[in-house]
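Visitor: only geometry, no sequence info:
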């Protein structure tokens, strides 16, 4: 999991307050402040708090009214060049302080200003949980060297950046990239976009296929599920649902207005209670299992995904359609409500289930194997 830290340790507290609030509301993982401000940050909302501590704050309290989640050493010490570090790192006060901190995760903050500081950061990786590296010009940070040096250590690398674009580069460096970024900006929009970059980097990307519709048949009544989320979906987005875990149909969100009902861009009328729905992490759930607080996967026509929080699962009896589609000789089925507002994603847009005909193409996610309690298993499973 990639992380976004927001650097908020400099300037007047009242001036920083709106930016810290914006960072918390945007979904950053940590706010980095001085040790005596931990309590102030905690009062603003639920967020991880990292705090600069000195060698006198070995307990990690930072001398303030709260204990940080991550105690960071280096400000006003060797890490930022205030104190000269030993050439061979033996007797380093920063490293000694990191080793002495108990009951906290620890971080070592290093401003890279030459090869010696790069060596200090690499040494810190043997002791600290996080190595936070910054520079006046982010491009001079030897991130590739540090990733290589610490590949066998448990330390997570957090790279200092000033924008979402720089964060994207840090996340992608040497394929594995930095584990996190420390964002230093006064622009709330940049904070939001950096969090989006983190989310985009972590999201699954699924390969969708175009299957040919072979049957559309009205059936008896069934219990169908509307999945209402705590987020708005856009045109082209929906959820992967199907009667067979090996082939899930991309059912479109109720984004479009219709003569019959108002737009509900938070809703996917997903199908019958027995059907599978794709959830984050590669698993599935039965639609009947969903309830407020669960997470589901929102997928667009290109297979790009994001996570969404379920706000409500609504089950009602409705007339249904059986939809069948074929891809590479295999046939996949699902049950959908017989209503004009239920739409499937196609290669060219969407089509209402009431207008769906044999020969039409719809987008599916297809995979081999089966499911055991929602988890993919490599075994022979026959679904009909």
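Guide: All right, it came through fine. Note that the coordinates shown come from a computational prediction; the quantities given were computed from them, not determined experimentally.

Visitor: do a quick rundown of the helices in the stretch 101-250 of the chain.
Guide: For the stretch 101-250 of the chain, the helices defined by DSSP state H, counting those that start in this stretch cover 115-124, 143-149, 164-172, 188-202.

Visitor: distance of the residue nearest the centre of the chain from residue 306?
Guide: Centroid-nearest residue in the chain: residue 199, 3.8 Å away (criterion: C-alpha atoms, centre = their mean). Applying C-beta to C-beta, to the nearest Å, the value for residue 199 to residue 306 is 6 Å. To be clear about C-beta, it is placed using only N, CA and C from the backbone, and glycine gets the same treatment.

Visitor: residue 67 belongs to a helix?
Guide: No. Using DSSP: H, G, I helix; E, B strand; the rest coil, the assignment for residue 67 is coil, not a helix.

Visitor: that one: neighbouring residues, count only.
Guide: Burial of residue 67 is recorded as 18 neighbouring residues (other C-beta atoms under 10 Å).

Visitor: switch the helices of the stretch 101-250 of the chain over to a markdown table; also include distance to residue 103.
Guide: Formatted as a markdown table, these follow (distance: least, C-beta to C-beta, whole Å):
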| stretch | distance to residue 103 |
| --- | --- |
| helix 115-124 | 19 |
| helix 143-149 | 27 |
| helix 164-172 | 30 |
| helix 188-202 | 28 |
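
Visitor: ok, now which ones touch residue 87?
Guide: residue 116 (C-beta atoms under 8 Å, 6 or more residues apart in numbering).

Visitor: what about it, distance to residue 126?
Guide: Distance of residue 87 to residue 126, computed by C-beta to C-beta: 18 Å.

Visitor: who does residue 216 form a beta bridge with?
Guide: Using DSSP bridges, the bridge partners assigned to residue 216 are residue 323.

Visitor: give me the domain ranges for this protein.
Guide: Using automatic domain parsing, the domain parsing of the chain gives 3-202, 208-375.

Visitor: for stretch 179-198, which residues meet the burial criterion?
Guide: By 16 or more other C-beta atoms under 10 Å, the buried positions in stretch 179-198 come out as 179-185, 190-198.

Visitor: now swap in stretch 131-147 and tell me
Guide: For stretch 131-147, burial by neighbour count (16+ other C-beta under 10 Å) applies to 131, 132, 133, 134, 135, 138, 141, 142, 143, 145, 146, 147.

Visitor: starting at the chain centroid, how far to that stretch?
Guide: On the basis of C-alpha atoms, centre = their mean, to the nearest Å, stretch 131-147 sits 24 Å off its chain's mean C-alpha point.

Visitor: for the residue nearest to the centre of the chain, give me its contacts.
Guide: Counting by C-beta under 8 Å, 6+ apart, residue 199 touches 27, 306, 307.

Visitor: would you mind naming the residues that bridge with the second one?
Guide: According to DSSP bridges, the residues that bridge with residue 306 are residue 298.

Visitor: count of neighbours near it?
Guide: Around residue 306 there are 18 residues (other C-beta under 10 Å).

Visitor: return the distance of it relative to residue 239.
Guide: Distance, residue 306 to residue 239, by C-beta to C-beta: 11 Å.

Visitor: which neighbours do those two have in common?
Guide: Taking C-beta under 8 Å, 6+ apart as the criterion, residue 306 and residue 239 both touch 297, 298.

Visitor: between the contacts of residue 199, which sits nearest residue 220?
Guide: Residue 220 has its nearest neighbour among those in residue 307, at 34.6 Å by C-beta to C-beta.
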